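Novice: The sequence isn't on hand, but the structure is:
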Ligand code: AMP
């Protein structure tokens, strides 16, 4: 049975999504950029390239079984789909902002009658309702930042990652409606089908193994045999290090371990201090535990 997966066809989420599934060992071929759907050879998988904003609806309707998109667009679509894995990219927040010199920016408060330009009308409306404010939502497809200058709105609700676009447009962030990142979502229907659920699980496991491997390094070093006790203290990696004897050498043993990228600098320094030689770190493609 073929499992259908949706991937953002362009925009901010496209590149990293394609990178993750490619690194996971799902071969999309050379012309994936031009095709709208790809049957992956040797896997019961068909990948569809769809706009990130449309993916939640396609998942809910059952047109595809699962897909990658932003939590923000999934929430705005208001659909009943299941989030099954966070992907640690596309991090942003849906924030309310207003011109730096406006009353809203100075007080940090929205008041009745405020006009808010946004591409996220449902989430913004719900947010204002929860605050007990009667707002006038102005729906725009993009470029919300320019709306206050055009006199179209008093404030905006837009996606912010670093805040530099807001600053460039002299807008001050006043509150957050929602935090978001890219995630894998699946339809309730395919999660209820054991064969499809297994197909989705295999692919998400493969993607997880890429994420787990990316911040890890494989370390190899020749360590003085009599300092082996200290190695377990120096190398905090997954499980204990592998220790192998070196042919024709009674003084040194080869040690191999998976370590966190952020520990590399210190571990190498500490291994050198105890007289280790031939220290080597290499990237890991996938880590399946
Ligand atoms: P697209 O409109 O296709 O470029 O996709 C935009 C999606 O990328 C959004 O729905 C968010 O999930 C995500 N994203 C991450 N950071 C940002 C950002 N700074 N601005 C806009 N979208 C972002």
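Specialist: Ah, there it is. None of the values given here were measured: they were computed from a predicted structure.

Novice: can you map out the helices along this structure?
Specialist: Secondary structure of the chain by DSSP state H: the helices cover 14-23, 55-61, 71-77, 103-107, 121-131, 147-150, 164-168, 188-191, 194-214, 228-234, 264-273.

Novice: can you tell if the first one touches the ligand?
Specialist: This means helix 14-23. No. Using CB under 6 Å from any ligand atom, helix 14-23 stays clear of the ligand, with a minimum separation of 7.1 Å. Just so you know, the C-beta spots here come from the backbone N, C-alpha and C atoms, and that holds for glycine as well.

Novice: about what we covered before: can you tell me which of the helices of the chain has the worst average pLDDT?
Specialist: Ranked by mean pLDDT, the helices of the chain bottom out at helix 228-234, which scores a mean of 90.

Novice: Provide the contact partners of it at residue level.
Specialist: 223, 240, 241, 243, 253, 255, 267, 270, 271, 274 (CB atoms under 8 Å, 6 or more residues apart in numbering).

Novice: out of the residues you listed, which are inside strands?
Specialist: 223, 243, 253, 255 (DSSP state E).

Novice: which of those lies closest to the ligand?
Specialist: Relative to the ligand, the closest of these is residue 255; by CB to the nearest ligand atom it sits at 40.9 Å.

Novice: is the closest one in a bridge, and if so with what?
Specialist: residue 221, residue 243 (DSSP bridges).

Novice: right, and it touches residue 240 too?
Specialist: No. Residue 255 is beyond contact range of residue 240, at 9.8 Å (criterion: CB atoms under 8 Å).

Novice: neighbour-wise, which of those two wins?
Specialist: More neighbours surround residue 255 than the other of residue 255 and residue 240, with 23 against 11 (other CB atoms under 10 Å).

Novice: quick one, what contacts the more buried one?
Specialist: Listed by CB under 8 Å, 6+ apart, the contact partners of residue 255 are 219-223, 228, 231, 235, 241-244, 276.

Novice: CSV please, covering those and showing distance to the ligand and neighbour count.
Specialist: Converted to CSV, the contacts of residue 255 look like this (distance: CB to the nearest ligand atom, whole Å; neighbours: other CB atoms under 10 Å):
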residue, distance to the ligand, neighbour count
219, 33, 22
220, 37, 16
221, 40, 25
222, 45, 20
223, 44, 25
228, 47, 14
231, 42, 22
235, 36, 22
241, 39, 23
242, 40, 11
243, 44, 15
244, 45, 12
276, 43, 21
